[in-house]
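[1] please work out how this folds:
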Amino acid sequence: MTEKAASTPAKVIDARGLEPPEPFVLTMEALDGLGAGETLLLRLLREPHPLYRALDLNGFAWSTAHAPEGVVEITIWRKAQA
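    Next up is the predicted model:
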């Protein structure tokens, strides 16, 4: 994605052991309270492709990194308003 947010996440969700749709639900609930300049770090065992579309439609940007041992880390923040 484009613009980058703060490097220290305001919230972290470790959803590696959760069954769908719990990671999606927890993420969307956490994003409701995410302030400007804050980020959410989501840890999963695979890329959540359906989540990316929901993030885009709801005004969020993200960056995805593949960490060691197969962990996918997605940093999410609000897009800057034009």
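
[2] contacts and neighbour counts: CA atoms only from here.
    OK.

[3] and stretch 48-58, what's its mean pLDDT?
    Taken as a whole, stretch 48-58 has an average pLDDT of 96.

[4] correction: the previous question concerned stretch 8-20.
    Here the average pLDDT along stretch 8-20 is 93.

[5] that stretch: how far from the chain's middle?
    The chain centre lies 8 Å from the centre of stretch 8-20; the measure is CA atoms, centre = their mean, to the nearest Å.

[6] residues of that stretch that come out buried?
    9, 11, 13, 15 (16 or more other CA atoms under 10 Å).

[7] who's in contact with that stretch?
    23, 26-27, 30, 34, 38-45, 75 (CA atoms under 8 Å, 6 or more residues apart in numbering).

[8] where's the dip in pLDDT among those residues?
    Minimum pLDDT across the contacts of stretch 8-20 is recorded for residue 34, with 92.

[9] quick one: it is in a strand?
    No. Applying DSSP: H, G, I helix; E, B strand; the rest coil, one finds residue 34 to be coil, outside a strand.

[10] for residue 74, list the residues it contacts.
    Counting by CA under 8 Å, 6+ apart, residue 74 touches 40-43, 62-65.

[11] mind redoing it with 6 Å?
    For residue 74, the contact set (CA atoms under 6 Å, 6 or more residues apart in numbering) comprises 41-42, 63-64.

[12] secondary structure element holding the residue lying closest to it once chain neighbours are set aside?
    Leaving aside its sequence neighbours, residue 74 sits nearest to residue 64 (CA to CA, 6 or more residues apart in numbering; 4.5 Å). Under the criterion of DSSP states H and E, residue 64 resides in strand 60-66.

[13] which strands and helices lie in contact with that strand?
    The elements that strand 60-66 packs onto, with contact taken as 3 or more CA pairs under 6 Å, 6 or more residues apart in numbering; DSSP states H and E, are strand 72-78.
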